[in-house]
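Q: Here is the input, now give the coordinates:
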Amino acid sequence: MKAQLIGETSAGMTAIEIYNSDEELVWSHLYFANGATTGGYIDGLCQVYDDMTNCAEVEDYDGCDYDEDGNVVVYDDSETTGVIATFDSEKGWELEENFYLFGQSVEIVDALMSAGIIEKDDDHEDRLDDVAAKIAEYIKK
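A: Residues are numbered from 1 along each chain as shown. Modelled structure (predicted):
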């Protein structure tokens, strides 16, 4: 199973798309559709981390987003959206090139770097904020 973290350049968006081994989209979810407080945002990004790293258990997930035709919603569907990072249940984490262009979800990448899960890049310290630090604490537990 493979989970992709989707962000957006033109506005704040955090979504996940989960694909099975046949590259078929089987689950997706848009987080913070109604906004979030700072605490809710941190909790939500921790949930994103959990949902991605446990993607092999997607059949147990609730909250899949469906369109009016009953199809799983594709969130990486425009010029302003893109994949920030991928978690493969067999291979682990992989960052996409230029991941930092995709807005709010990048804090998960900085948290992964701070937690020592992926290698820090040259700009990590400049992007690190309190939100990413709190998510990194959660990841380390």
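
Q: which parts of the longest helix along the chain are buried?
A: In the chain, taking DSSP state H as the definition, the longest helix is helix 38-53. Applying a neighbour-count criterion of 16 or more other Cβ atoms under 10 Å, the buried positions in helix 38-53 are Tyr41, Ile42, Leu45, Cys46, Gln47, Val48, Tyr49, Asp51, Met52, Thr53. C-betas here are computed from N, CA, C, even on glycine.

Q: Relative to Arg127, which of the residues you listed is nearest.
A: Closest approach between the buried residues of helix 38-53 and Arg127, by Cβ to Cβ: Leu45, at 14.2 Å.

Q: correct me, but the closest one touches Val131?
A: Yes - if you go by Cβ atoms under 8 Å, Leu45 and Val131 touch, sitting 7.2 Å apart.

Q: joint contacts of those two?
A: Common contact partners of Leu45 and Val131 (Cβ atoms under 8 Å, 6 or more residues apart in numbering): Glu107.

Q: so what pLDDT did the residue of the chain most remote from its centre get?
A: Most distant from the centre of the chain: Asp69, at 25.1 Å, with distances by Cα atoms, centre = their mean. Looking at Asp69, its pLDDT stands at 97.

Q: before we move on, what about Asp126?
A: As predicted, Asp126 sits at a pLDDT of 69.

Q: again with the one 3 residues further on
A: Among the per-residue scores, Asp129 shows a pLDDT of 85.

Q: how many neighbours does it have?
A: 10 (other Cβ atoms under 10 Å).
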